[in-house]
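Peer 1: here you go, sequence then predicted model.
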Amino acid sequence: MRLLFRITPVLLGLALAACSGIRVNTNYDPTAVERIEDFRRYAWLPQPQGKDARVYNDIIDVRVRMAVDQELKARGYQRVDMSEDPDFLVGWQGAIDTKVSVDTVDSFYGYPWGPYWSPWSSFYGPYGYPYGMGGPRTYVREYDVGTLILDGVDAREQRLVWRGTAQAELHRNLSPDALQKKINDAVHKLLSRFPPRPEAS
């Protein structure tokens, strides 16, 4: 097997791993920016309900709330009970979707590889074609993508004023510690954009 064909899947894996970081996006109500800046005390909305038991269960709920509580506390916010007149309410949603990645690599270009390479001896393969010349190869990969949505609701007006969405590839059979780190990193990236800071026009 040509060395190019042996190393191509490895290179693809490295490229995909490099692109598999956490992607975040946030949106907010522009009319509520000043109100959001005054938020100091928050309470949790009830645990969300969903059909996917991988996401909607007591363990994941505790992990998400723990990450959010730690991050908000570090930013000077205080968690209170719903009955203690919070400024805003926090809720979360989640999903795990299976994706398929198809990558085609044109292996026509390459170099002659061989321990005794010379311009005439090893350049030609067993069928008379130069090494590195061949048709494209297609690699198919199935993987899971986890989505975490955090919502900020104005407790006084009972309306959504901020939403953050984080997505990341989830390796199957992820350990509990690795899962918690994924959640912590996602929450950190999301809440680094809270309160919103509108760009100057």
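Peer 2: Cool, got the structure. Numbers count the residues shown, from 1 in each chain.
Peer 1: make it CA atoms for all contacts and neighbour counts henceforth
Peer 2: Fine.
Peer 1: low-confidence regions, the chain specifically.
Peer 2: By pLDDT under 70, the weakly predicted segments of the chain are 1-20, 106-135, 200-201.
Peer 1: all strands for it, in order.
Peer 2: Here the chain has its strands, by DSSP state E, at 23-28, 41-44, 78-79, 88-106, 136-154, 159-170.
Peer 1: what residues does the shortest one touch?
Peer 2: Pointing back at strand 78-79 there. R40, R41, Y42, A43, D69, L72, K73 (C-alpha atoms under 8 Å, 6 or more residues apart in numbering).
Peer 1: report how many residues lie close to G21.
Peer 2: 14 (other C-alpha atoms under 10 Å).
Peer 1: what's the closest non-adjacent residue to the residue nearest the centre of the chain?
Peer 2: Centre of the chain computed as the mean C-alpha position; nearest residue by C-alpha atoms, centre = their mean is A168, 1.7 Å away. The shortest distance from A168 to any non-neighbouring residue, by C-alpha to C-alpha, 6 or more residues apart in numbering, is to I22 (4.6 Å).
Peer 1: hmm, that neighbour is touching V187, no?
Peer 2: No. Counting by C-alpha atoms under 8 Å, I22 sits too far from V187 to count as a contact (10.1 Å).
Peer 1: more neighbours: these two, which one.
Peer 2: V187 (26 against 17).
Peer 1: contacting residues around the more buried one?
Peer 2: Contacts of V187 by C-alpha under 8 Å, 6+ apart are A67, V68, E71, A166.
Peer 1: rerun at 7 Å
Peer 2: Residues near V187 by C-alpha atoms under 7 Å, 6 or more residues apart in numbering: A67, V68.
Peer 1: before we move on, what about A168?
Peer 2: Here A168 is in contact with S20, G21, I22, R23, V145, G146, T147 (criterion: C-alpha under 7 Å, 6+ apart).
Peer 1: measure the residue nearest to the centre of the chain to H188 for me?
Peer 2: 14 Å (C-alpha to C-alpha, to the nearest Å).
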